[in-house]
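J.: A structural model of the following input is requested.
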Amino acid sequence: MVEDEKFRVLRGQMVENQLIERGITNPRVLDAMSRVPRQEFVTPDLSHLAYRDSPLPIGEDQTISQPYIVALMTQLLYLSGHERVLEIGTGSGYQTAVLCELAAQVYSLERLPRLAERAANVLSSLGYNNLEIHVGDGSQGLPDMAPFDVIIVTAAAPSLPGPLRSQLHPNGGRMVLPIGDERNQYLEIVTRQDNRWEIEQMLPVRFVPLVGRYGFKAGESKAEADSDSDHTAYV
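T.: Numbers count the residues shown, from 1 in each chain. Next up is the predicted model:
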């Protein structure tokens, strides 16, 4: 796929002005953000806005996160390249692509089938093959694939979902997620060492709600869940 030069220029400006100037210093994260073509993960009518310093709608009342937030959450994961990662909330697939650049294997779970299928198609077209996309209740995770070295949640939960907690690797597993209600949320880092847990609260954020059995009820969000537990895989 031949990329328009203007997008390469805009992506370079995004890295310099939105990421480096705000404290994103991990060279692997910066390299990944420099490679992933963000414009492929938004609708064609919004491609000219793909590198704006803001979230953008992707349909189904969901959004693609602001580039800085994607980079920040990724940096907080401290990925070395050997990890098995669980992503909750595939959305457009942009964060998934960044994770695929940096981890050994990515399992991504999306509640909305149309978003999951669209993301799977885009990721496949870009040549990413170290991932599986599943459709189901993100708050329940993927117990059959656990444990995970890293879990990243891209929707806000009212509290730390028990199933995700149990699926985190006991030897230094790390989770980054927003916690709070629809108005007040904070990004948190959860680290597990056997039965010892450390939770660090970071900056205030604003994410769509995590809808599911261990998140918000479906009626509290405009987008309804199709199932509480069954899931379909896109590999």
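J.: so in the protein, which helix runs the longest?
T.: As assigned by DSSP state H, the longest helix anywhere in the chain is helix 113-125.
J.: report the mean confidence score over that one.
T.: Mean pLDDT, helix 113-125: 97.
J.: against which helices or strands is that helix packed?
T.: Judged by 3 or more CB pairs under 8 Å, 6 or more residues apart in numbering; DSSP states H and E, the packing partners of helix 113-125 are strand 56-59, helix 94-102, strand 105-110, strand 131-135, strand 232-234. Where C-beta positions appear, they are placed from N, C-alpha and C, glycine not excepted.
J.: is it possible to get JSON lines of these that adds distance to R196, mean neighbour count and mean pLDDT?
T.: Converted to JSON lines, those look like this (distance: least, CB to CB, whole Å; neighbours: other CB atoms under 10 Å; pLDDT from 0 to 100):
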{"stretch": "strand 56-59", "distance to R196": "38", "mean neighbour count": "16", "mean pLDDT": "94"}
{"stretch": "helix 94-102", "distance to R196": "26", "mean neighbour count": "25", "mean pLDDT": "98"}
{"stretch": "strand 105-110", "distance to R196": "25", "mean neighbour count": "26", "mean pLDDT": "98"}
{"stretch": "strand 131-135", "distance to R196": "30", "mean neighbour count": "22", "mean pLDDT": "98"}
{"stretch": "strand 232-234", "distance to R196": "33", "mean neighbour count": "16", "mean pLDDT": "44"}
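J.: of the ones you listed, which is nearest E21?
T.: helix 94-102 (18.9 Å; CB to CB).
J.: which residues are in contact with the closest one?
T.: 28-29, 31-33, 35-36, 38, 41, 64-65, 70-71, 73-74, 79, 81, 85, 87, 89-90, 106, 108, 119, 123, 126, 128, 130-131, 133, 152, 154 (CB atoms under 8 Å, 6 or more residues apart in numbering).
J.: which regions of the protein lie under the pLDDT threshold?
T.: Flagging of the chain using pLDDT under 70 yields the residue ranges 1-2, 219-235.
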